[in-house]
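> I would like to see how this sequence folds:
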Amino acid sequence: MKLTQMLTRKLTSFWLLSLVAVACIFLLTASLSFVQLTYKFQQQKVDEIQSLLGQHSAQQLSQPHELSQWLPQILQAFQTQNFVLYEGEQRVYHYQAEVQHLSSVSYQRNLLTPANYSMELTLPKPFLLHDISMYEVILLLVGLIATALLVMWGYRWLALELEGVEDLAKRSHLILSDDYDKALAETGHGRPRMINRALTKMLLELDDAEKQRARFDQFIRSNTFLDPETGIGNQLFLKNRLDALSNDAGMLAPGVLYLLEMADLDLLQQDLGEEPVNEMLGQVIAAIGQVLDGQANSIFSRRSQNQFALVVPQISLQDTEKLANKLLKVCQAQLSDELLKQQDFFHIGVAYFKVGDNKTQLVEEAEMALRAAQFQGSSNWFMYDKGAVDEGFAKGSVRWRSFLEYALVNKRVVAFSQPVVDSDMQTHHLEVSSRLRDNQGTLVRATLFLPMAIKCGLTPQIERQVIETVLFDLLNASKDGMSYSINLSLDTLTSRAFVRWLRTTLLEYRHLTSRLIFEINEDIIVNHTESLKGTLDMINKMGARLCVDRVGLQVVSTQYIKTCQIDLIKLHRSIVSQIHLRQENQLFVRSLIGGLYRTEVQVFAEGVDVFEEWQTLKILGVSAAQGSLFSDPVEEI
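Numbers count the residues shown, from 1 in each chain. Modelled structure (predicted):
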């Protein structure tokens, strides 16, 4: 762009100098032509006087008194300053004007007839003869002003045309840099206008094509994992999410599985018609969705025509019973007058699970609980094995708050790191997670304390200590320029005090921010884009990178990647698990990567446990991955 502007300035200056040079040459030529023309006119006057005297005889020329009667008027008309007529060397007649000019030209001519007569004629210089009048001065000024205006107009016109070329060059540079949004915004006044309009039209069509591609990709993912009638997850969706919550050792965190069944839904449709039943079904699903909004990472899917599954991780046994009562209540509230007669319609089977429980056994327990609820004869819920409570999760809220505050005050937040490995088996960066150390020196995993920290409003303080550990200890100690990623929660990102602290800290450690990556859940980005846009822009401007993790946990549009200027995205473990055996998950990844075409966003994966998964991910175009295949989280000393 600088080269284009420099060439434009040189071309404009060359054009102006050329025009000035042409004007100077034109004026010089005109001046010389004027001088030559005036000399020629004066010589013609001398020739006329010579011819006029040559027509008289020697006798007439020898009588001065006769010459005095007519010759002075002619000489005066020719503005003669001095005139002398000679016969041989003898002066015959002399004339001298009253007003003499300082600059004059003398001519000596011999008269052809009669012989032996000659004359000497003195005239003022020809270009001094003309007295310039006010009219001529005005005319000259008008001409000069018109010329100057024409030159200025030509200069501005050329500058404007060349500026239009610069606009086209700028837009072309943005297009070559794959920055289509800025190129579309830079409509400018490109010249030629036809090319500028053509670029705008092509960019608009490309933008529309990308949106259509995003919608098409979302459609593909939706038809893979969503139920077409209700818009919630299908049975495959549920299977993937349960796989993500478990591994070979069993469930990774405590929680609950609800199985909700509507008795004889197909017969009810035949009796009342599909429209009222479908309307009721939509209302029930919407009401359940509102209840689950307050439960982080909850799962809602359809197992069959009349059976639905709800999975809520990180929930206590007491809250499980409250949630079951609430679900049953909101479901019954959606029944219309015609359906209120159905007293035995909603049944919920509840199976509470703890860490290490078998996934298959969990589903069987939930089905047994559902059958027990149906045997009771009316709309109700039944829980299987109430004693299955994780001991660490059974602490009361007061005890949890005391423990969390103690850990924060005494700096008991312990950082663990897990490498993210690229296709060359080189560490791209290290993801930092946290655990808390209690009085006995036991490490409390994040799956236990984070839900309680969210309830107590202490998440920003915990994540602040993690950032301080990374900035003050890990980055300063690292000699190889390694980057570190840190997870941020919604409470942290919406905390004004934390955002102010983060801005100040990143400014202070500006030389280290390029090695920081902040990870945010896709669910947070999608549902809170407007409120978080300012904070995310601040992080980008400070030089840190943004990563969206848990991608694929829900089917959403990827438009947020451009809106929030995301650098990395990380596939959820439910998509990665056994991807070499699941064509639908491979289709999901292909669709996602295809939607990121012409962007610099890198796609990573988490939860890679076997070599076949990593091989498949590399073939699909995933750049890097993390998981037990490479390394488990390691405590940072």
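
> can you pull the contacts of the residue lying closest to E87 once chain neighbours are set aside?
The shortest distance from E87 to any residue that is not its chain neighbour, by C-beta to C-beta, 6 or more residues apart in numbering, is 5.6 Å, and that residue is Y117. Backbone N, C-alpha and C define where each C-beta goes, glycine included. Applying C-beta atoms under 8 Å, 6 or more residues apart in numbering to Y117 gives the contacts 53, 58, 61, 85-87, 92, 110-111.

> hey, where'd the strands end up in the stretch 151-300 of the chain?
In the stretch 151-300 of the chain, the strands defined using DSSP state E, counting those that start in this stretch lie at 246-247, 250-251, 255-262, 299-302.

> I'd like to know which of those strands lies nearest to V22.
Taking C-beta to C-beta as the criterion, V22 comes closest to strand 299-302 out of these, the separation being 80.9 Å.

> coming back round to it: could you identify which of the strands of the stretch 151-300 of the chain is most buried?
Among those, judged by mean count of other C-beta atoms under 10 Å, the one packed with the most neighbours on average is strand 255-262 (a mean of 25).

> what comes into contact with it?
Applying C-beta under 8 Å, 6+ apart, the set of residues contacting strand 255-262 from outside is 245, 281, 288, 303, 306-315, 320, 323-324, 327, 331, 345-353, 362-363, 365-367, 369-370, 374, 381.

> ok, the residue lying closest to N247 once chain neighbours are set aside to E635 distance?
Of all residues not flanking N247 in the chain, D609 sits nearest, at 7.3 Å (C-beta to C-beta, 6+ apart). Computed with C-beta to C-beta, to the nearest Å, the distance linking D609 and E635 is 21 Å.

> Settle it for me: which of these two has more neighbours?
Set side by side, D609 and E635 give different neighbour counts by other C-beta atoms under 10 Å, the larger being at D609 (17 against 10).

> contacting residues for the more buried one?
Contacts here follow C-beta under 8 Å, 6+ apart; on that basis D609 touches 247, 577, 627-629.

> swap the cut-off to 6 Å and go again
With contacts defined as C-beta atoms under 6 Å, 6 or more residues apart in numbering, D609 is in contact with 627-629.

> Put the buried members of these into a PyMOL selection.
Of those, the buried ones go into a single PyMOL selection, burial set by 16 or more other C-beta atoms under 10 Å:
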select buried, resi 627
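
> re earlier: of the contacts of Y117, just the buried ones, ChimeraX syntax please.
Only the buried entries of the contacts of Y117 go into this ChimeraX selection, using 16+ other C-beta under 10 Å:
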select :53,61,85,86,87,92,111
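
> mind putting the contacts of Y117 in TSV, distance to Q79, secondary structure and pLDDT included?
Written out in TSV, the entries for the contacts of Y117 read as follows (distance: C-beta to C-beta, whole Å; DSSP: H, G, I helix; E, B strand; the rest coil; pLDDT from 0 to 100):
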residue	distance to Q79	secondary structure	pLDDT
L53	18	helix	78
A58	28	helix	69
L61	23	helix	71
L85	18	strand	83
Y86	22	strand	83
E87	26	strand	79
V92	22	strand	81
N110	23	strand	81
L111	21	coil	79
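
> Export the contacts of Y117 to a markdown table and append columns for distance to G595.
Listed next are the contacts of Y117 as a markdown table, based on distance: C-beta to C-beta, whole Å:
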| residue | distance to G595 |
| --- | --- |
| L53 | 105 |
| A58 | 116 |
| L61 | 112 |
| L85 | 108 |
| Y86 | 110 |
| E87 | 114 |
| V92 | 113 |
| N110 | 105 |
| L111 | 106 |
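
> Tell me which of the strands of the stretch 151-300 of the chain sits nearest to D271.
Smallest distance to D271 across the strands of the stretch 151-300 of the chain (C-beta to C-beta): 13.8 Å, for strand 255-262.

> May I have the phi/psi pair for D293?
Note on D293: backbone dihedrals following degrees, to the nearest 10 are phi -60, psi -30.

> Over to S378?
Listed backbone geometry of S378 is phi -140, psi 170, with angles given as degrees, to the nearest 10.

> Look at it and say how many residues are nearby.
Other residues lying near S378 total 11 when counted by other C-beta under 10 Å.

> Equivalent analysis for V622, please.
25.

> Please identify the buried residues of whichever strand or helix holds L587?
Remark: L587 resides in helix 583-595, with elements defined by DSSP states H and E. Judged by neighbour count (16+ other C-beta under 10 Å), helix 583-595 contains these buried residues: 584-586, 588-589, 591-593, 595.

> what do you get for stretch 610-624?
Burial within stretch 610-624, assessed by neighbour count using 16+ other C-beta under 10 Å, is assigned to 610, 613-614, 616-617, 620, 622-624.

> which one of the residues you listed is nearest I299?
E613 (21.8 Å).

> what's near enough to touch that closest one?
Contacts of E613 by C-beta under 6 Å, 6+ apart are 576, 579-580.

> If you rank these by neighbours, which is first?
V576 (31 neighbours).
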